[in-house]
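*Asks:* Output the structure for:
(one chain, ligands or ions: 3)
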Amino acid sequence: MHNPSWARGLYAITDAALLPDDPRLLAGCEAALRGGLALLQYRDKSTQADKRLRQARALAALCRDYDVPLIINDDTALAERLRREGHANVGLHLGQGDGALAEARERLGPEAILGATCHGRLALAERAAREGASYVAFGRFFASRTKPEAPPATLDLLGEAEAIGLPRVAIGGIDAETIGAARRAGADLLATVAAVFAAADIEASVRDLNRRLSAC
Ligand SMILES: Cc1ncc(COP(=O)(O)OP(=O)(O)O)c(N)n1
Ligand SMILES: Cc1ncsc1CCOP(=O)(O)O
Ligand SMILES: [Mg+2]
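*Replies:* Ligands and ions are numbered 1, 2, ... in the order given. Modelled structure (predicted):
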């Protein structure tokens, strides 16, 4: 079976400090989408439910125009609500403390993209696969200013995880310098916050990262 088109390439993750209001969030994400994304994740750690719903809804509509899935971080109820509203391109990413994957799979249905944080541990990825994950995410592989305290992982894990049979995401300090090493180690999707959204020219940065991926 062929992997779906979302399963290989650049995976940009939003950041509320770098994209601090609706116009900047939408303009920044549209620039990244123009540059070419496989996936976009809406990551907002605030507890402002109204803002999160409004922004996620707007991003789901924007992503649809580019035929790119929007992944909601942490919040199963928000992803479920958007899918019920008809945003079929919405998926969910859950970390180890963010709720049960199997329950999320039931609530979102078999078609939704469901991602799981597996840090540096193959056993977490094997369990995520059994519980219905669509991809498994490992990292942090490099120093990250966005989440410096994230548990570290080593690149050889990406090769070992091939046997799981799901797309492998690398996260944590992925940038122009590190992206090639992560791809060559086996990452299918390269996830980044700062290399995209802290860039002075977001679209140019995405194009540069994609060029580096193509060269691997
Ligand atoms: C693609 C991807 N991988 C890992 C994470 C981290 O998720 P989590 O461990 O739940 O941490 P927070 O992002 O919620 O702080 C992610 N968001 N996306
Ligand atoms: C959310 C998350 N989980 C592990 S590292 C990280 C942050 C990634 O951000 P950056 O690409 O800026 O290092
Ligand atoms: Mg989380």
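*Asks:* Could you use CA atoms for every contact and neighbour count after this?
*Replies:* Will do.
*Asks:* Do stretch 172-187 and ligand 1 come into contact?
*Replies:* No: figure legend: stretch 172-187 not in contact with ligand 1 (Cα under 6 Å from any ligand atom); closest approach 8.2 Å.
*Asks:* so how far is ligand 3 from residue 213?
*Replies:* Distance, residue 213 to ligand 3, by Cα to the ion, to the nearest Å: 26 Å.
*Asks:* Check the secondary structure at that residue for me.
*Replies:* Per DSSP: H, G, I helix; E, B strand; the rest coil, the secondary structure class of residue 213 is helix.
*Asks:* ditto for residue 78
*Replies:* Residue 78 ends up helix, using three-state DSSP.
*Asks:* tell me which residues form a beta bridge with residue 94?
*Replies:* Counting by DSSP bridges, residue 94 forms beta bridges with residue 116.
*Asks:* Get me the contact residues on the chain for ligand 2.
*Replies:* So the chain meets ligand 2 at 139-140, 144-147, 150, 171-174, 192-194 (Cα under 6 Å from any ligand atom).
*Asks:* Filter those residues down to the buried ones, ChimeraX style.
*Replies:* Buried residues among the residues of the chain next to ligand 2 (16 or more other Cα atoms under 10 Å), as a ChimeraX selection:
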select :139,140,144,171,172,173,174,192,193,194
